[in-house]
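Q: My questions concern the predicted model and sequence given below.
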Amino acid sequence: MAQKQTNGDNKKPTLVSINRTAIDPNGCIGSLYNGYRDVLCEKLPWSNEDKLTKVHKIPQCIMKKGKKDQNESLLQIINIPEGLRLSVLLRPTGNNGIAAIINYPYPINEYTRFLLYSCVYEEEQVSEKLSKKQKTIKSVISLASATHIITCISYGIDVVVVLQLPFDKALVTAIDDALQRICIHLNDEQDALILKSDDEHILEQITNTMVYSNIPSLMELSTVYDVYLYIDENKNENIHRPIMYTLQPIKWLFPDYNEPNAYFNLIPPEFDREVEQYLIYLSNVLKNIKYSLDFSDNGLMYKYLEDQIYKKQCQWLILSKMHDHIIARLRRLIIDLRKNRTTVSKRDQLFYHVDHVNFEKSAQILQENLNDFKNKEKLIVGLRDQHFEYCNAAQLNLTKYNYEKTLKCKLKMKDRNNKILCTTDTLNKKNGSKLNLLRNQLAKECEINQNLYITYADFSYSTVELEDIEILTTSQTNNNKKSHLQKSSSTVTKNKTSTSQQSLPSSPITNDNINILLLGETGVGKSTFINAFVNYLKFKTFEQAQSNTPIVLIPVSFLMTVGDDFQERLIKFGDFDSSNNEDFDHPGESVTQHCRMYEFHLSDNDEKKLCIIDTPGFGDTRGLDQDDLNMQDILEYINELTHLNAICFLLKPNASKLHTFFRMCFIQLLDLLGPNAYQNIIFCFTNARSTFYGPGDTAPLIKTMLKSFSINNIPFKKDNTFCFDNESFRYLVALQNGIEFNNDEKHDYYESWSISVKESYRLIDYIHENLITYRSNNECKSNKHAQVEISHMIRPMLTTMQNILQNLILSKTNIKNKSITMFPKAIHRPASICLSCKPYPLQFGNFWIARNIPHEFLKKCLVCSCPIEQHIAIHYVLNSEYSNKSVSNHPEEMINMVNQLCTIGAEFDYFLVHITHSSKNDLFLPGFLRMIDEENKLCQSQKPNHLNSQLIKELTRLKNQYENRIEEFKSNQQLIDLLIINEHITTIRKYPLIQVQLDIMKQTQKMMTEPYEVSQD
């Protein structure tokens, strides 16, 4: 090696060869080598006559035992040279073969075993004739970034098997004996070792096996005995790859070569070891936290605190990014030291650097949170022993204004009384004695009273801040009695919900419910109309309305001009904290973000409920793409309803034209619902005082539009047209904000109120007396209905194909009684996955799974700042589990299943894009591309990854099969009618994993609508 002294003297550099383990086994004699980064460069043009080969066979196999407080790093255990260890640690995701052991996910302890086998079969080195070729190859070197040349290579097999043994001393002893016998046979190269049946059973008790080797085929094996058999069976075969490189500096070949890369500075051993220990420390912090997240018994935590686990996984990803930043900085430092660009005096680059301080702080917080999780798990177990049901209040969408009433409603039990112990972790620490007293008291009451149901409501993660530990009580309910709960004293009506498992919508749809779908352009005032309509029905006279607090189901925000100087005042009223569905911050965009149902009793003595479904507006300033998303949300919501009583289009009376998307919405809705719904269409006009409570100039526009559809049986006449003026409701809200009005203004509002009340009751009477309830069914009766059904099936079909392929790959290995099971879970808030954010990696054996952490998405993403177009809305989260049983399907059957799903997916896309033209783009192709991209990223960052590499090949095959099928349809101009699509939809629903995902999607919609069901009571 040509080495410059670090003290700046001008001594002549000495040439010293160095040895490097072949962590990249693709090198050969004459390959250039970058010693700054320990990576291979290009190959020099040398022939076989320039090489000398020695044949010898030196096998060595030893077993090493791990320790609880392991001082040696994994790289030291497997004998990686000192300088190379630093390079490996400085590129944690770029290592293959033996070096990938630094990614080993489990803690090293007394139950860890290392089986190290190395056998050099031959050695190849440079011939003495090489010097004659110096001139012909010098030009190549001058273009390279190399510091060294490979002049000698040891070929053979190098393998490390890392084993985790069970926590049983007798089994450990028996396994160690079996491993020692394997080592003896491999060292002595005796005849093949034949294990007894007892030995085979003992080795099967090893809980985890990971294989790292310079031979790719060895890394695909899953048991230590398979590794032994492979070595024994192939000991005479030519499968040997590089184990060790001997490197000479460039100046060894070209003494007069003086480019900067001709010099390689050795880092002083003390500093090298200091940096190495620091990197190991950082890596262990990251690994230990991840192990706590991934491998602890989190069954209870996932059941009750899944959102909190996701947040911890997000925190770990942030911590991992901080770790990568430190690694990148130190990598630059080490390269500069090796290039002699800096000195080794900068020890502040380690423990005292601001990056390290931030990393330590974040790691400590995350570790403390995980410790709290362990304590929470103990708490839940203790509560179960006392017959408490644990409830995470954060999942109930409570607010400080309504938490008591809503909590009672949601946790009310049929035919049983319920006592709810409400507290937080902070309150428990402050008042531990009070908590224990109340817990024991309720537990004793539950033992005595079999009709009592006790719940522990944990507000630790809720936005509601409790002042003290408290107990709420609810009375039993039955079908013939109303709630015993007292009316809320709050000025704003609160939500009434139920936890019973029902089909959408979340309140039971019976003949007593009147469902009205409300549609209209952005800014027409649908949300304000709902508020006003409820007040019109509640307060029959203007005097009653003024003397009471107005009912505000949806928070309102508007500007009002007051006074002689026309001063603008912002008027706000309602529970803004609980409204995640209204966005008042972006004028021109739909204020209502998603479909929501609001329900209330028509009168105190009437069991009949009026349910109004508010929808996102169309004509959104964000463009047609947003309108498409809003319309899709509307169609998906109403597709799950059992019936509709009226479909109400809300308009302004003096429109100069109808928005293009209004026509598109009308057409799509009619296509979805069919002719039976035509008679249920009604038209309502807001701000009608200016047109003397008539439809004004908008009427001829409506008539022209209906005529253009060539549909004659959609009525538009006085009977199904209703005119309102919402200004009288705004007047009531303004009064609550202290705005004063003169007598003339009050008279106008009085007249407006009276007419609007009459129109409200006329509308209800019209629905009662003139309209036949439109009832839905599950059959695809239209192309639009098929589009909605297919859109629901895209993600379930893609994930099912992926899961089948995962288990197909597992079935082809020797892994016994293992499979990957996917299970979906409903979400209680709008969420998305971000394509830009890094997924959380989970390891199941040798398979890596990318967990896409759901990002809560209200008016914007609350987790990341990535562009909105990088977010894909989801209706459920999909978790995976490494099951201890194999799949029941035969491999050939699994292949047929994925092929069928792929073919039907292609037919679905062709039908929607090329037959009905109801979709602009293919729906399945982006899903295939996302899955392939996700697997590629896993392979780049995680090792070993041979199973994921196989999955990429299978997914790519499916993608190509899908594209070929689409091209076949196009070239044949094949016709696919609705009947065929219906048959395919029925077939798809027979796949259990697909059906369960579709069912969970309905549960999500149910949970998301629960917080918005409102009662006047």
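A: Yes, it's here. Numbers count the residues shown, from 1 in each chain.
Q: The stretch 351-500 of the chain: helices as residue ranges?
A: In the stretch 351-500 of the chain, the segments counted as helices under DSSP state H, counting those that start in this stretch are 354-385, 403-411, 425-430, 432-448.
Q: Make CSV out of the ones you listed and add mean neighbour count and distance to Ile981.
A: C-betas here are computed from N, CA, C, even on glycine. As requested, the helices of the stretch 351-500 of the chain are exported to CSV (neighbours: other C-beta atoms under 10 Å; distance: least, C-beta to C-beta, whole Å):
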stretch, mean neighbour count, distance to Ile981
helix 354-385, 14, 47
helix 403-411, 22, 39
helix 425-430, 14, 52
helix 432-448, 13, 54
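Q: closest one to Cys119 among those helices?
A: Ranking the helices of the stretch 351-500 of the chain by proximity to Cys119 (C-beta to C-beta) places helix 354-385 first, at 41.3 Å.
Q: so that closest one versus helix 432-448, what angle?
A: With axes from the mean of the first three to the mean of the last three C-alpha atoms, to 10 degrees defining the directions, helix 354-385 sits at 30 degrees from helix 432-448.
Q: low-scoring pLDDT stretches of the stretch 301-450 of the chain, where are they?
A: For the stretch 301-450 of the chain, the stretches with pLDDT under 70 are 344-349, 401-402, 413-415.
Q: now the residue nearest to Thr773 when sequence neighbours are not counted: how far from Asp324?
A: Once flanking residues are discounted, Thr773 sits nearest to His643: 5.1 Å by C-beta to C-beta, 6 or more residues apart in numbering. Distance of His643 to Asp324, computed by C-beta to C-beta, to the nearest Å: 55 Å.
Q: picking that back up, contacts only, for the residue nearest to Thr773.
A: 509, 515, 773-776 (C-beta atoms under 8 Å, 6 or more residues apart in numbering).
Q: and which of those is nearest to Leu858?
A: Closest approach between these and Leu858, by C-beta to C-beta: Asn515, at 26.0 Å.
Q: after whichever strand or helix holds the closest one comes which helix or strand?
A: Using DSSP states H and E, Asn515 sits within strand 513-520. Once the chain leaves strand 513-520, the next helix or strand it forms, by DSSP H and E, is helix 526-538.
Q: by contact count, what packs against the next helix or strand after that next one?
A: Where DSSP H and E defines the elements, the next helix or strand beyond helix 526-538 is helix 542-547. In terms of contacts (3 or more C-beta pairs under 8 Å, 6 or more residues apart in numbering; DSSP states H and E), helix 542-547 is packed against helix 727-736, helix 743-770.
Q: For helix 542-547, buried residues please.
A: 542, 545-546 (16 or more other C-beta atoms under 10 Å).
Q: tell me the average confidence for it?
A: Averaged across helix 542-547, the pLDDT comes to 88.
Q: what's next to that helix, contact-wise?
A: Helix 542-547 is contacted by residues 535, 539, 728, 732, 735, 749-750, 753-754 when judged by C-beta under 8 Å, 6+ apart.
Q: one more time with 6 Å
A: Under the contact criterion C-beta atoms under 6 Å, 6 or more residues apart in numbering, helix 542-547 has outside partners 539, 732, 750, 753.
Q: if we can go back for a sec, pick the one among the contacts of His643 closest to His185.
A: Among these, and counting by C-beta to C-beta, the member closest to His185 is Ser776, at 70.8 Å.
Q: And that closest one, how far from Arg181?
A: As judged by C-beta to C-beta, Ser776 and Arg181 stand 70 Å apart.
Q: next structured bit after the strand or helix carrying Asp633?
A: Element membership of Asp633 [criterion: DSSP H and E] is helix 624-639. Using DSSP H and E, the helix or strand that follows helix 624-639 in sequence is strand 643-644.
Q: Within the sheet, what are the partner strands of that following strand, with directions?
A: When pairing is defined by DSSP bridges, strand 643-644 lines up against strand 774-775 (antiparallel).
Q: related to what we said a few turns ago, could I get the helices of the stretch 351-500 of the chain as a markdown table with distance to Tyr121?
A: Formatted as a markdown table, these follow (distance: least, C-beta to C-beta, whole Å):
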| stretch | distance to Tyr121 |
| --- | --- |
| helix 354-385 | 45 |
| helix 403-411 | 70 |
| helix 425-430 | 62 |
| helix 432-448 | 68 |
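Q: who wins for proximity to Val996 among those helices?
A: With C-beta to C-beta as the criterion, Val996 lies closest to helix 403-411 of the helices of the stretch 351-500 of the chain, at 24.4 Å.
Q: by contact count, what packs against the closest one?
A: Packing partners of helix 403-411 (3 or more C-beta pairs under 6 Å, 6 or more residues apart in numbering; DSSP states H and E): none among the helices and strands.
Q: next one: it to chain centre, how far?
A: Offset of helix 403-411 from its chain centre (C-alpha atoms, centre = their mean, to the nearest Å): 29 Å.
Q: Same question for stretch 100-120.
A: Here stretch 100-120 is found 32 Å from its chain centre; the criterion is C-alpha atoms, centre = their mean.
Q: and if you look at stretch 664-679?
A: 35 Å.
Q: Quick check: what element follows the helix or strand bottoming out on mean pLDDT in the chain along the chain?
A: None of the helices or strands of the chain scores lower by mean pLDDT, DSSP states H and E than helix 134-142, at a mean of 55. Next along the chain after helix 134-142, taking DSSP H and E as the criterion, comes strand 148-164.
Q: tell me what the helix or strand following that following strand is packed against?
A: Using DSSP H and E, the helix or strand that directly follows strand 148-164 along the chain is helix 169-188. Judged by 3+ C-beta pairs under 6 Å, 6+ apart, the packing partners of helix 169-188 are strand 51-65, helix 197-203.
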